[in-house]
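K.L.:
below: sequence and its predicted model.
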Amino acid sequence: MPAERRRPGRLVRSGLRRVADGLFPSGANPHGVLPALLILLALVTGLVDAVSFLGLGRVFVANMTGNIVFLGFALAGDPLMSKWASPAALAAFATGAWSAGRVIRRAANTRRAFAAATAVHAILVAAALAVALTAGHRATWPQAALIVLLACGMGLQNASVRALGVPDLVTNVLTTTLTGLAADTPGRAALRRSASVAAMFLGALAGATLHLTTGPAPALAAALTLLTTVALIARSGLSRERTPPAPG
């Protein structure tokens, strides 16, 4: 019976490993299942940014470049832009990234630090889901709470993914990825970049559809499910794989 219970988990990890291996030349994937997990995190980014932009006053919780621009618009007097939402997201994101950075510098294994950061991110999204279910998302204080919780989680995600050093797979911002797709010759790197773009697009499409039809809770629940899955697989699977040297 215990073996039967573990089998679905092994099947999921096996499927994700096949996806990850397919993103690299044959036999050249030193990152184990990580590349596939990062694709799932790109889906999370699309989901939560759809909720934040459409429901929390035209602010991003993952794309901080957009928030810098939005803050400029707000200070210039655009009435559709909030003067407090972008600074709140920037501060919360920086706090999450700073916290992850301190943990990563002290950790002996960046993959375990990634698993821990993803677990904390899941807790923050669970808290955001609770706020959305109990207080909604239209009043100022629930909006502020949702922005802070979600942006802090995305800061954790971005810093922990950055420390892993998996090439051409990003989970937050795609400008450099799109530049590489257009400028470089086709190959497996282009496939990895395309996977990030497609995942974030699909997450945004799903998040926007859920938010516009039923509100933020279903999109946040989907993000929570993905984060929990990534955290569990990272905790149970990555520690058994060979850890490559930390990036320079």
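P.N.:
Everything's here; your move.
K.L.:
please, where are all the helices along the chain?
P.N.:
2-22, 34-55, 64-75, 85-106, 110-135, 140-164, 175-183, 188-214, 216-237 (DSSP state H).
K.L.:
okay, buried residues for the fifth one please.
P.N.:
It stands for helix 110-135. Residues of helix 110-135 classed as buried by neighbour count (16 or more other C-beta atoms under 10 Å): 110-129, 131-132. (Glycine included, C-beta is placed from N, CA and C.)
K.L.:
for G66, what are its contacts?
P.N.:
By C-beta atoms under 8 Å, 6 or more residues apart in numbering, the contact list for G66 reads F60.
K.L.:
again with L133
P.N.:
If you count contacts by C-beta under 8 Å, 6+ apart, L133 has them with A217.
K.L.:
against G57, how distant is it?
P.N.:
19 Å (C-beta to C-beta, to the nearest Å).
K.L.:
A231 against A122, yeah?
P.N.:
Yes - here A231 reaches A122: they are 5.6 Å apart, a contact under C-beta atoms under 8 Å.
K.L.:
show me where this structure dips below the pLDDT cut-off.
P.N.:
Applying pLDDT under 70 to the chain flags the ranges 1-9, 237-248.
K.L.:
re the thing from before, tell me the most buried of the helices of the chain?
P.N.:
helix 34-55 (a mean of 26; mean count of other C-beta atoms under 10 Å).
K.L.:
got the angle between that helix and helix 110-135?
P.N.:
30 degrees (axes from the mean of the first three to the mean of the last three C-alpha atoms, to 10 degrees).
K.L.:
how about helix 34-55 as CSV, C-alpha atoms only?
P.N.:
Coordinates of each C-alpha in helix 34-55 appear next as CSV, following Å, rounded to 0.1, in the frame of the first residue of the first chain:
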residue,chain,number,x,y,z
LEU,A,34,14.0,22.2,-11.9
PRO,A,35,13.4,23.5,-15.4
ALA,A,36,9.8,22.0,-15.4
LEU,A,37,9.2,23.5,-12.0
LEU,A,38,10.2,26.9,-13.2
ILE,A,39,7.7,26.7,-16.0
LEU,A,40,5.0,26.1,-13.3
LEU,A,41,6.2,29.2,-11.5
ALA,A,42,5.9,31.2,-14.7
LEU,A,43,2.2,30.2,-14.7
VAL,A,44,1.9,31.5,-11.2
THR,A,45,3.3,34.8,-12.2
GLY,A,46,0.7,35.2,-14.9
LEU,A,47,-2.1,34.2,-12.5
VAL,A,48,-1.2,36.7,-9.8
ASP,A,49,-0.3,39.6,-12.1
ALA,A,50,-3.7,39.2,-13.7
VAL,A,51,-5.4,39.5,-10.3
SER,A,52,-3.3,42.4,-9.2
PHE,A,53,-3.6,44.5,-12.4
LEU,A,54,-7.3,43.8,-13.1
GLY,A,55,-8.5,43.8,-9.5
